[in-house]
Structure formats: C-alpha cells, structure tokens
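**Q** Following is a predicted model, sequence given first.
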Amino acid sequence: MSEKSIDRRTLMISAGLTTMAGISAAASGKSAGWMERLLKRRFVELSDARREEILAELEETCRKKFGRDDITVTDTPAMDGVEFAYGLDLSRCVGCRRCVYACVHENNQSRDPQIHWIRVLEMKKEHGIDLAESNIYYDPEEVPEPDSFYVPVACQQCRKPACTKVCPVKATWQEPDGIVVIDSDWCIGCRCCMSACPYGARHFNWTEPTIATDEINPDTHVFGNRPRPKGVVEKCTFCIQRTRKGRYPACVEICPVGARKFGNLLDEAGEMRYLMREKRVFVLKEELNTRPRFYYFYAT
Amino acid sequence: MEKPRDPAASETDSEKLLPGSSSLAVLLIVFVTISMLVLFSIVRGGVGVVAEGEGGKVAFGPADVEGVDFDAGLIPGTEEASSDPDGGSFLVPAPPWSESGYFPCTECHADMDVNPERRELVEMHDDIELNHGPSDRWCLDCHNPDDRDVLRLVNGTQIPFEESYLLCGQCHGTIFRDWRQGIHGRRQGYWNGGKSYLLCAHCHDPHAPAFHTIEPLPPPVRPQYLAQAAPEEIEEIEEAPHE
C-alpha cells in the first residue's frame, strides 16, 4: 500500500517537473540541451552506424536460416508528404483469389502452417454486406457466381488502430505514411492485438513458419516481409518493401480485373483523391471509429 | 362397516405415481436417439465437420498454383517512364490481335471489295462472335472500310489500333474517364511515377466484351485442418511439459 502511494507521488512530482520544464523552456526559448539534462532523458536514439549494423545482423540471420545470400533487409523510411490509401472496387472483384496468393508470394508468409493476409469474403447479393453470413471457403468451378459478390479483407491500415493501443510492449505502431507495422523482434506474441482488431487482419505464427528456400522473396523490409520467427504476429503492410520505393503493392498488380487501386492520399491529382471525389466510398465497420485507409466502392 | 378396496381405483393411483410402461418406452427411445447422435458426431469428427466436396481441407501455396505468373515483371520501359519529370505519360502494351499473322489487315483487304452487308462470315473471321450492344452493330461501325489497318471514330477520324480506347470511349464515356484517371482497369508499375495501363481490348474482347468467369484459386485451409499441416511440430508441442 505504502509503496503504491510513494509510486504515485513520485509520478506526480516528475509529471509536475516535466510540465514546469516545458513551460519554462517555452518561455525562455532556450535551446533544448539544458531541458534534456533536466529531464534526464533515458532513451538514446539509434545512431546511423548502429542501425546499419543491426540491419546487417538481421540480413545475416535470414541468409543463414534460408541458405540464400541474396536476401536483403532494408529499412526504407516513409516518404515526405505521403499518406497511403487503398481502394477496392467491389463491382469488379470476381473473387478469384489471385491477390491472396500473390500476397503470400511477395510477403514470405508461412506456407505450412498456412497464413493468408488477405481473406476474400463471399457474400450473397440478396443479403448485401453481411459479415456474419459471409463465407471464405467458397470453392466453385468458376467465379463469379451470379448470386454472389466478393469482399477481400486485409489490414485496413486504420488511422485510429485498436491493435497498436493494446500492445503491451509497443511492438506495433503507425508509421508517418499511415502503414501500421509490427517489429517482430519486439513482439512477445501475446496476441492482444489480434483480439483488438475488428477486421481479423492479424495472424499468428503458431509454429515455426516454413517456406521453401527457392520461394523466398529476397527483397525484404525490416517491418514488412522479412521472414518471421515462431510466436509473433504478422499482418499486411501495404507491401511496405515495394510501396516505399514507389511500386504498387503485389495485390494491385496481380488483380486480373483491375479492382484494386492504390495511391497517395495527399496527392491532389492522384488516383485515390479522384476516387474519393467521384465514387461513393465506404469503409468496413465505420461505427467502430477506427477510420480505415482502405476504401471500398462500387464503380459504375 | 368396512368398504372393500376397489382394485380398479388402486390401479389408477399407482399409474398416477409411477410412469407406465408406455412412457418408459418413450424415454428409452429418446435416450437411445440422443446417444446415437452423439456417437455419430464423435465418429465423424465432432463439431466443425466439413461436408464432402467442400473446400479448405488442404493448404495450398503459390507454388501449387498453375497458370498464374507471380513473378511477371513490368513491361519493358515502365522503369524508364518513372523518371519522367512531368508524369502523364504511360505505357500501353501492343494491342492483342485475335490471331498472330492477321495484321496488317490490308494484306488481304486491300484488293477486296467492301461488303457492308450484315451476313454470316464463312471463309475468314468465322471465330468472331459478335455480341456487343445493339443487334444491328456490324464490322464497319468500328473498322475503317477504306483502310483496314486503322479504326474509325463516328466523326470519321481514323485512329490506329494502339489508340482503340478512343473508339471505346465514344460510348463508354464515364468508364473512359475513370480509365484515364487510373480507376478503371489494371495498372502496373509505380504509384508515384511511370506505370503501364492496358487497352480496353486486353481485358474485354471488343466483339463480345462481357467478362468470362474464371477458375478461383484454392480457398484457405480451415482451422480444423491446419493441424494436419505440421503434425510433427504439433506432437512436439503436446508432448512438451507445461511449465
């Protein structure tokens, strides 16, 4: 009991000190140096040299694990003035699942046990969008079936993501370009984020993931398609290793009917802004106020 | 004076207190039925049983998929276009010809008389099935009668096959606008730079433009069949002592 009250008092004192320091710094306009000394900053940012070193270590680990010396691990940062958004035309999607497998191929998901980041929900036209009645295991000879439509769902890259809030170790966060990433070295596998996500977009490596050596995509990003170990959560990152270099995500390029759209939301003349201006877009589970960056629409 | 006991009355009393043989039989039937159902479901695998012929029992990967090229690169030239400072330009692959060797059309048509009659084609082009809009549509609505190597807009402008989107855009104006903005059709390349579009005719057969159904790739494996994916490892986990 007494310990707790002391804790609280210490906290209050330090909070007060921080506020005072902030106010005085703003008032005097002094450089941040003395303020940092006053606050006794305990965290040091990684130096560029150390960052390179860590990436090289990760690269070496991956290369050893898969016996391939062409695997690269990059940490391409977010571009300035870029916020990614995604559009999906439900009146075009035929539910062929090309995107699902292109994603697996691009992002080094485990083949065994199987992990798919994209799930294509089959829905009946007579019921409209009804998540509870949807079916992801449909397997007819040919698609689309006349009475059905298809809603592919992956990470919605929310502006207010529930998953990052619940992470007890801050292993997942939102990047400046809007991509929600996971640091799989930091993830403890508690799966709180999986239960927080209303879209079922996060997936857990229950056992050691297996990928054949020749099926590895060697071009990886540290928070993206870098091969994950057992016991961590993974998710769609808008193909961070591609999109940060300007490329379209793999699912956009594979889609045979061109239902998938991708672009920079801050680019006035870009395709995403045109889409949001001209089409009637909607998001999944709007009532939860997660504010996804993934927009569905029905083009005419 | 003592009343003699009525045997019939006592019988009804006992029937009221204890269940008769008929109700016992009913209970027995109910019990047997329930236990049979339970046994049956246990034998079949319990909850989550999947009917014969349903998908999701086997895990497939991209390597098992035939007929889809996941490694298909960009069309040559897309990379170079990405460095174009003013943007706006994009690549379109060559138009899809119905059969190789057909083009140039004038090889045959230069010496032929123009026959605008609607008729059944017998010797050539008999593979073309015309199913596009109004029933009075015919070849020369789009193909140029005087020079078959180009197409003709309704205003008489002759356009090459590479610009066939202008022809389609005459009727499909809203779709043409969406296509130019990148909202209709498949794009590849760079979201912030050079990209390739496809012509309308790459996806829609101009003679019969409705989309054909295609075979879907296999469904994801169901959770109850996931265990079969890595049996050794699951055994290993089950055998490991709990801490």
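**A** Cool, got the structure.

**Q** The residue in chain B positioned nearest to chain A: how many residues sit nearby?
**A** Closest approach between chain B and chain A, counting by C-beta to the nearest C-beta: B:Gly55, at 2.9 Å. No exception for glycine: its C-beta is placed from N, CA and C like everyone else's. B:Gly55 has 19 neighbouring residues, counting by other C-beta atoms under 10 Å in any protein chain shown.

**Q** Also the one 3 residues further on?
**A** By the other C-beta under 10 Å criterion, the neighbourhood of B:Val58 contains 14 residues.

**Q** And what about it, helix, strand or coil?
**A** coil (DSSP: H, G, I helix; E, B strand; the rest coil).

**Q** Dihedrals phi and psi, it?
**A** Phi and psi for B:Val58, reported as degrees, to the nearest 10, are phi -120, psi 140.

**Q** Tell me the first helix or strand C-terminal of the lengthiest helix in chain B.
**A** In terms of residue count, the longest helix belonging to chain B (DSSP state H) is helix B:21-44. The helix or strand immediately downstream of helix B:21-44 is helix B:78-81, counting by DSSP states H and E.

**Q** okay, that next one in CSV with CA atoms only?
**A** The C-alpha trace of helix B:78-81 is given here as CSV (Å, rounded to 0.1, in the frame of the first residue of the first chain):
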residue,chain,number,x,y,z
THR,B,78,8.0,1.2,-67.4
GLU,B,79,11.0,1.8,-65.2
GLU,B,80,12.3,4.5,-67.6
ALA,B,81,9.0,6.2,-67.7
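
**Q** is it up against chain A anywhere?
**A** No: for helix B:78-81, no contact with chain A is found by C-beta under 8 Å from any C-beta of the partner chain; the gap never falls below 10.1 Å.

**Q** In terms of secondary structure, what does that helix contact?
**A** strand B:188-189, strand B:195-196 (3 or more C-beta pairs under 8 Å, 6 or more residues apart in numbering or on different chains; DSSP states H and E).

**Q** Dump those strands to TSV, plus mean pLDDT, mean neighbour count and distance to A:Asn205.
**A** Compiled in TSV, those are given as follows (pLDDT from 0 to 100; neighbours: other C-beta atoms under 10 Å in any protein chain shown; distance: least, C-beta to C-beta, whole Å):
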stretch	mean pLDDT	mean neighbour count	distance to A:Asn205
strand B:188-189	90	22	31
strand B:195-196	86	22	34
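
**Q** For B:Phe31, which of those is the nearest?
**A** Set against B:Phe31 and scored by C-beta to C-beta, the helices and strands packed on helix B:78-81 come closest in strand B:188-189, at 65.8 Å.

**Q** tell me the pLDDT at residue 211?
**A** You didn't say which chain, so I picked chain A. A:Ile211 carries a pLDDT value of 93.

**Q** wait, I meant chain B there
**A** Predicted confidence (pLDDT) for B:Phe211: 88.

**Q** how about the residues of the stretch 151-300 of chain A near chain B?
**A** So far as C-beta under 8 Å from any C-beta goes, the stretch 151-300 of chain A lies against chain B at A:207-208, A:210, A:212, A:215, A:243, A:246-248, A:250, A:252-258, A:261-264, A:267, A:270-271, A:274-275, A:278-279, A:299-300.

**Q** need the helices and strands packed on helix B:78-81 in JSON lines with distance to A:Met79, can you?
**A** Below are the helices and strands packed on helix B:78-81 laid out as JSON lines (distance: least, C-beta to C-beta, whole Å):
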{"stretch": "strand B:188-189", "distance to A:Met79": "17"}
{"stretch": "strand B:195-196", "distance to A:Met79": "17"}
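
**Q** Which helix or which strand is home to the residue of the stretch 1-150 of chain A found nearest chain B?
**A** Relative to chain B, the nearest point of the stretch 1-150 of chain A is A:Asp139 (2.9 Å; C-beta to the nearest C-beta). Following DSSP H and E, one finds A:Asp139 outside all helices and strands.

**Q** leaving aside the residues next to it on the chain, what's closest to it?
**A** Excluding the flanking residues, the one nearest A:Asp139 by C-beta to C-beta, 6 or more residues apart in numbering or on different chains is B:Gly55, at 2.9 Å.

**Q** Alpha carbons of stretch B:129-136, as CSV, please.
**A** Coordinates of each C-alpha in stretch B:129-136 appear next as CSV, following Å, rounded to 0.1, in the frame of the first residue of the first chain:
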residue,chain,number,x,y,z
GLU,B,129,-18.7,-14.0,-82.1
LEU,B,130,-20.4,-10.6,-82.2
ASN,B,131,-22.2,-9.8,-79.0
HIS,B,132,-21.7,-6.2,-78.3
GLY,B,133,-24.6,-3.8,-77.7
PRO,B,134,-27.4,-3.3,-80.2
SER,B,135,-28.1,-6.2,-82.6
ASP,B,136,-27.7,-4.1,-85.7
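
**Q** for it, which positions count as buried?
**A** B:His132 (16 or more other C-beta atoms under 10 Å in any protein chain shown).

**Q** same thing with stretch A:223-231?
**A** A:223-228, A:231.

**Q** next one: stretch A:239-250
**A** A:239-244, A:246-250.

**Q** where exactly do the strands run in chain A?
**A** Here chain A has its strands, by DSSP state E, at A:72-74, A:84-89, A:119-124, A:148-153, A:172-174, A:180-182, A:203-204, A:219-221, A:233-234, A:260-264, A:281-282, A:294-297.

**Q** Make TSV out of the ones you listed and add mean pLDDT, distance to A:Arg98 and mean neighbour count.
**A** Shown next, in TSV, are the strands of chain A (pLDDT from 0 to 100; distance: least, C-beta to C-beta, whole Å; neighbours: other C-beta atoms under 10 Å in any protein chain shown):
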stretch	mean pLDDT	distance to A:Arg98	mean neighbour count
strand A:72-74	95	26	19
strand A:84-89	97	14	24
strand A:119-124	96	10	20
strand A:148-153	97	10	20
strand A:172-174	96	28	18
strand A:180-182	97	24	23
strand A:203-204	96	20	20
strand A:219-221	96	20	20
strand A:233-234	97	21	24
strand A:260-264	96	10	25
strand A:281-282	95	23	15
strand A:294-297	96	18	22
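
**Q** Turn those strands into a markdown table, including distance to B:Asp205.
**A** Below are the strands of chain A laid out as a markdown table (distance: least, C-beta to C-beta, whole Å):
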| stretch | distance to B:Asp205 |
| --- | --- |
| strand A:72-74 | 42 |
| strand A:84-89 | 21 |
| strand A:119-124 | 26 |
| strand A:148-153 | 23 |
| strand A:172-174 | 44 |
| strand A:180-182 | 41 |
| strand A:203-204 | 39 |
| strand A:219-221 | 36 |
| strand A:233-234 | 40 |
| strand A:260-264 | 22 |
| strand A:281-282 | 30 |
| strand A:294-297 | 26 |
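
**Q** pLDDT value on A:Pro292, please?
**A** The model reports A:Pro292 with a pLDDT of 97.

**Q** Could you find the closest non-adjacent residue to it?
**A** Nearest to A:Pro292 is A:Gln156, by C-beta to C-beta, 6+ apart, at 3.5 Å.

**Q** ok, that neighbour touching A:Thr290?
**A** Yes: between A:Gln156 and A:Thr290 a contact is recorded at 6.9 Å, counting by C-beta atoms under 8 Å.

**Q** Can you find the helix or strand in the chain with the smallest mean pLDDT?
**A** Just going to use chain A. helix A:2-28 (a mean of 55; mean pLDDT, DSSP states H and E).

**Q** Hmm, no, I was thinking of chain B.
**A** Scoring the helices and strands of chain B by mean pLDDT, DSSP H and E places helix B:231-239 at the bottom, with a mean of 57.

**Q** Cool, thanks, talk later.
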